[in-house]
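In: Pasting a predicted model and its sequence here:
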Amino acid sequence: MKRLLTLVLMTVLTATALSPSAAAQPSGGEIRDRIAAVPGMRLLGERPAAPGQTVLDLAYRQPDDHRHPGRGSFEQRLTLVHKSVQGPMVLYSSGYDLGTSPDRLTEPAKLLDANQITTEQRFFGTSRPADPDWSQLTIWQAASDHHRLVTALKSVYRGAWISTGGSKGGMAAVYHRRFYPEDVAGTVAYSAPNNTDDQEDTAYDTRLEQVGTAECREAIKSAQREALKRREALTARYAQWAAGEKRTFQIIGSADRAFELAVLRLPMMFWMHQPAGACGSVPGAGATDDELYAWIARVTQFPVYTDQTLGAFTPYFYQLGTQLGYAQVTAPHLEGLLRHPGIQEIRSYVPKDIPLRFQPAAMADVDRWVRHHGHSLMFVNGENDVAVAEPFRLGKGTRDSYLFNVLDANHHISITNLTPDEAEEAVATLHRWAGQTRATVSGSAP
């Protein structure tokens, strides 16, 4: 651990030492003017920032359809954390909207002491056309948004660019590289699933039977059975909560259907998000309805299955149902307790007036590119993360790329969670991609 802390400390100190002097940098007002002068860019406001930083909220005009740029446009929301025009730039997206803290620096940005641009994905949040054509929500169109943005901002930031993201954001970063491989010098994708065959989900079932201990896995299955045996009482409570919060179930169909789907998703959600030691919190057969309901609500997040949340995430589920794919798990231990066949189908999450036509070649194409042509890619996954039961793989044609697994970890990971040797390799690679030369990291604390 001391070695790892030394690594991170020296990384930050060296990156800071390499940064140009403050005197050589534009002032806050000057950088605002330079960014606002980028064609298509609009300055929305400025956020409070740490010393030496300027944080700007921006909107960048993108074509509805990059193949036909004259047929309409929308503004893509962005947040820029500016430090130095000579320093590296980290391109980050969660794969969704901007979230509540788009100025929060990612791990690569911290390790490199880099600038950061956080992007909202097309159709998410306010980054959507007034009358959206859902067929334009594709991985190529989103990658083209990033390509156009990178091209525009390289007129200001001429240092190396690094892309990054976690989960769906990590997927988006890889898709961007698939179509525009030279836009950035390297990519760090955390916890990024790679569902190459949407009809074959046995890898997820296998992972669910391997993760954790047999006792913990059986406790979760028992809690699922108990929840469905007490369905009437727990569903009534769910419906009462929804009514009190003015939430509805028109998309999924009913509180009962939503409850069954939530129970089916319990094991995956547990292993993805619960902290180490959480097995002790799984309620047993003697738990009260209150205890069982509270545990299910915490693990599966009941608001997710209501119209009010599903509406905000319709772009996500649309992408799952057209290109990304969606894992469905088997549940033989729940035989005789399920009422709604097909409830796990992605159609359950998307309003019926939005057509879904799956394109099975999309993910297979990206997977082939990674294995045969990919370069400067870094995949970091958690050992216990069921979401990456089908991970990205490196192949004979993959160059200068790395696959790391964080031991006994879930969906929430970082490079600094790796073993000291792996963390050192990953950080050194990141600096090399960014064109930063740094002092050799000592293997012992100073």
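Out: It's in.

In: Show me which residues of stretch 367-376 are buried.
Out: Using 16 or more other CB atoms under 10 Å as the test for burial, stretch 367-376 gives D367, R368, W369, V370, R371, G374, H375, S376. (Glycine included, C-beta is placed from N, CA and C.)

In: For the stretch 301-446 of the chain, just list every one of the helices.
Out: 307-312, 314-319, 361-372, 420-433 (DSSP state H, counting those that start in this stretch).

In: export these to JSON lines and tack on distance to L80 and mean pLDDT?
Out: Supplementary listing: these in JSON lines, determined by distance: least, CB to CB, whole Å; pLDDT from 0 to 100:
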{"stretch": "helix 307-312", "distance to L80": "24", "mean pLDDT": "96"}
{"stretch": "helix 314-319", "distance to L80": "23", "mean pLDDT": "98"}
{"stretch": "helix 361-372", "distance to L80": "28", "mean pLDDT": "98"}
{"stretch": "helix 420-433", "distance to L80": "21", "mean pLDDT": "98"}
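
In: For those, state which one has the densest average packing.
Out: Mean neighbour count, computed with mean count of other CB atoms under 10 Å, is highest for helix 314-319 among these, reaching a mean of 22.

In: Tell me the helices and strands packed up against it.
Out: Contact analysis of helix 314-319 by 3 or more CB pairs under 8 Å, 6 or more residues apart in numbering; DSSP states H and E lists no helix or strand as a packing neighbour.

In: before we move on, back to that, mind checking which of the helices of the stretch 301-446 of the chain is nearest R61?
Out: helix 314-319 (19.0 Å; CB to CB).

In: Name the surrounding residues that touch that closest one.
Out: 95-96, 121-124, 128, 134, 137, 139, 168, 310, 346, 349-351, 354, 356 (CB atoms under 8 Å, 6 or more residues apart in numbering).

In: repeat for stretch 387-399
Out: So stretch 387-399 is contacted by 167, 174, 189, 191-196, 203-204, 206-207, 268, 272, 327, 367, 370-377, 379, 381-382, 401-403, 411 (CB under 8 Å, 6+ apart).

In: Make a ChimeraX selection of the buried ones in the residues you listed.
Out: Per 16+ other CB under 10 Å, the buried members of these correspond to this ChimeraX selection:
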select :167,174,189,191,192,193,194,195,196,203,204,207,268,272,327,367,370,371,374,375,376,377,379,381,382,401,402,411
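
In: So which of the contacts of stretch 387-399 belong to strands?
Out: A189, L377, F379, N381, G382, Y402, L403 (DSSP state E).

In: just the buried residues of stretch 367-376 now: which is nearest A36?
Out: S376 (31.7 Å).

In: how close does that closest one get to V370?
Out: For S376, the distance to V370 (CB to CB, to the nearest Å) stands at 12 Å.

In: now do S191
Out: 16 Å.

In: do the same with V406
Out: 20 Å.

In: just G95 next, same as before
Out: 17 Å.

In: got it, and T429?
Out: 17 Å.

In: Same question for W433.
Out: Taken as CB to CB, the span from W433 to V370 is 17 Å.

In: picking that back up, dump the helices of the stretch 301-446 of the chain into JSON lines; add distance to A160 as well.
Out: Listed next are the helices of the stretch 301-446 of the chain as JSON lines, based on distance: least, CB to CB, whole Å:
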{"stretch": "helix 307-312", "distance to A160": "35"}
{"stretch": "helix 314-319", "distance to A160": "29"}
{"stretch": "helix 361-372", "distance to A160": "21"}
{"stretch": "helix 420-433", "distance to A160": "7"}
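
In: And those helices: which comes nearest F259?
Out: helix 307-312 (14.7 Å).

In: For the stretch 1-150 of the chain, which segments count as helices?
Out: Counting by DSSP H, counting those that start in this stretch, the helices of the stretch 1-150 of the chain are 2-18, 28-36, 107-112, 139-153.

In: what helices or strands is the shortest one leaning on?
Out: Pointing back at helix 107-112 there. Going by 3+ CB pairs under 8 Å, 6+ apart, helix 107-112 lies up against helix 2-18, strand 89-93, strand 161-166, helix 420-433.

In: Just give me how far that helix sits from the chain centre.
Out: Helix 107-112 has its C-alpha centroid displaced from the chain centroid by 17 Å (CA atoms, centre = their mean, to the nearest Å).

In: which residues does the residue nearest to D103 when sequence neighbours are not counted bridge with?
Out: Distances taken as CB to CB, 6 or more residues apart in numbering place V55 nearest to D103, at 4.7 Å, with adjacent residues excluded. Beta-bridge pairing for V55 (DSSP bridges): R47, V81.

In: Between the two ends of stretch 407-426, how far is it?
Out: Terminal residues of stretch 407-426 lie 15 Å apart, using CA to CA, to the nearest Å.

In: just stretch 95-105 next, same as before
Out: Rule used - CA to CA; the end-to-end distance of stretch 95-105 is 16 Å.

In: Just the buried positions in that stretch, please.
Out: Those would be G95, Y96, D97, L98, P102, D103, L105, for stretch 95-105 by 16+ other CB under 10 Å.

In: Reformat those as a markdown table; add distance to A262 and pLDDT.
Out: Below are the buried residues of stretch 95-105 laid out as a markdown table (distance: CB to CB, whole Å; pLDDT from 0 to 100):
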| residue | distance to A262 | pLDDT |
| --- | --- | --- |
| G95 | 22 | 96 |
| Y96 | 20 | 97 |
| D97 | 23 | 97 |
| L98 | 27 | 96 |
| P102 | 29 | 97 |
| D103 | 33 | 97 |
| L105 | 34 | 98 |
